Structures are given as C-alpha cells and as structure tokens.
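Trainee: return atomic coordinates for the entry below.
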Amino acid sequence: MRLAVAASIVVLGVAASACGSGSTAAPTSPTSTPTPAPSTATTASPAGTARQQAVEAYLGMWRDVAAVATTSDWQSPRLAAHATGDALQVLSRQLYADRYNGLVSKGTPTNAPVAQSVDSPYEPKTVVIRDCSDATHWLKYRADTGQPADSESGGKHLINAEVKLAVDGSWRVTRFAVEGTGSC
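Mentor: Residues are numbered from 1 along each chain as shown. Below is the predicted model:
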C-alpha cells in the first residue's frame, strides 16, 4: 500500500528550454542581390524523437493523474490517454483505494524525467525513463474534512518507467516503479 501511495504522490513539472537563432547580415549596396540565409532546419533522429515523445507521454500521464486525483476518479477515461497495461492498472487501483478511503490529492507535483535508453536507434518502440519527482506540494487529504490524510510531508521519489509505442502511433507508459521517500 505504501508503494501505491508513493506512486500517487509523484511530482509533475516540465523543464522547457528555448533556443533561437540570430544572424547579422552585412549591408548590401543598392546594386547587389541579397543572398538567402542558410537553412537552419535539422532532421531529428528516430531515437531522439522517440525520447522526446516518450517523455511527453510520461509527463502527460502524471498531469492526468494529478487532475483526476483531485476527486479520486478511478474510472476517468483521461487515465488511458497516456497509460496502458500495468501502469494504468496501478493508477486505477490507487485512485479506487483513495476513493474508497475518502481521500483526494491537492497541490502541485513536479518532476524531472530523463530518457535513459531507447531500444533501437532506427525504429524505437521502447524508452526507459528515470525521474526524481518531488511530492512535497502534492499531498493527500480527507475528502470530507479537507484535513491532511497523514502527517507525512511528501518528498522526493525515484521513479523508473517504461514507455512504449502503441499500435495507434502514440506513446504510453506501460509500467513504472516508485521508490520510497528520499530515494533520490
């Protein structure tokens, strides 16, 4: 049960980076023809694209869980948007247990997933993700009173997840393991 509770107290958050390109052109004389700027488009590798899409699916799963955990809606179809198989079963069971026990989650989780490996550089179908999530500000409360469910303050949890390419072309988390508080 403790592992299941830890699984539902996982952190979300997205680290985003932006990049830009700038160029300075030499002034041209009225009679010269401007030269076109070189193309900056690059083609992403299949493995790189798979890593990115798998991380997005992983983050999507935890966003979905955070949203439905506010009511412990264990039957929400939103859960299947980014999770399947064992992962979906674990999430549904935990939310069912929370509903049965009169618990909901409040707050905002954060996370920092990293794609650790891809099964193929050319036709990837599985990506393994490692995340050190922080549930300090995403806690369980009694639905009837709004009081904290216990005296635990959340904390950091190591999560290892497997994300697979589905037959419809989407990426979904198929399984994950959440370690105890303080594991990262």
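Trainee: kindly provide the distance from the residue sitting nearest the centre point of the chain to Ala66.
Mentor: The centre of the chain sits closest to Leu59, judged by C-alpha atoms, centre = their mean, with a distance of 1.5 Å. From Leu59 over to Ala66 the distance is 11 Å, taken as C-beta to C-beta, to the nearest Å. The C-beta positions use only the backbone N, C-alpha and C, and glycine is treated the same way.
Trainee: and if you look at Ala80?
Mentor: Here the distance between Ala80 and Ala66 works out to 16 Å (C-beta to C-beta).
Trainee: these two: which is more packed in?
Mentor: Neighbour count, other C-beta atoms under 10 Å: between Ala80 and Ala66, Ala66 has more, with 19 against 14.
Trainee: low-confidence stretches in this structure?
Mentor: The chain contains residues with pLDDT under 70 at 1-43.
Trainee: go with 90
Mentor: When residues are selected by pLDDT under 90, those of the chain lie in 1-44, 107-109, 137, 150-154.
Trainee: going along the chain, name the strands of it.
Mentor: Secondary structure of the chain, counting by DSSP state E: strands at 103-107, 113-118, 126-134, 138-142, 156-165, 171-178.
Trainee: of all these, which lies closest to Gln52?
Mentor: Each of the strands of the chain was scored for nearness to Gln52 using C-beta to C-beta, and the closest is strand 113-118 (7.9 Å).
Trainee: show me what the closest one is packed up against.
Mentor: Other elements packing on strand 113-118 under the criterion 3 or more C-beta pairs under 8 Å, 6 or more residues apart in numbering; DSSP states H and E are helix 46-69, strand 126-134.
Trainee: make it 10 Å
Mentor: Identification of packing neighbours for strand 113-118 by 3 or more C-beta pairs under 10 Å, 6 or more residues apart in numbering; DSSP states H and E yields helix 46-69, strand 126-134, strand 156-165.
Trainee: distance to Pro109 added to the ones you listed, as JSON lines?
Mentor: Compiled in JSON lines, the helices and strands packed on strand 113-118 are given as follows (distance: least, C-beta to C-beta, whole Å):
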{"stretch": "helix 46-69", "distance to Pro109": "6"}
{"stretch": "strand 126-134", "distance to Pro109": "7"}
{"stretch": "strand 156-165", "distance to Pro109": "10"}
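Trainee: to Gly146, which of the ones you listed lies closest?
Mentor: Ranked by C-beta to C-beta, the member of the helices and strands packed on strand 113-118 that lies closest to Gly146 is helix 46-69, at 14.9 Å.
Trainee: so which bits of the closest one are buried?
Mentor: 47, 50-51, 53-55, 57-66, 68-69 (16 or more other C-beta atoms under 10 Å).
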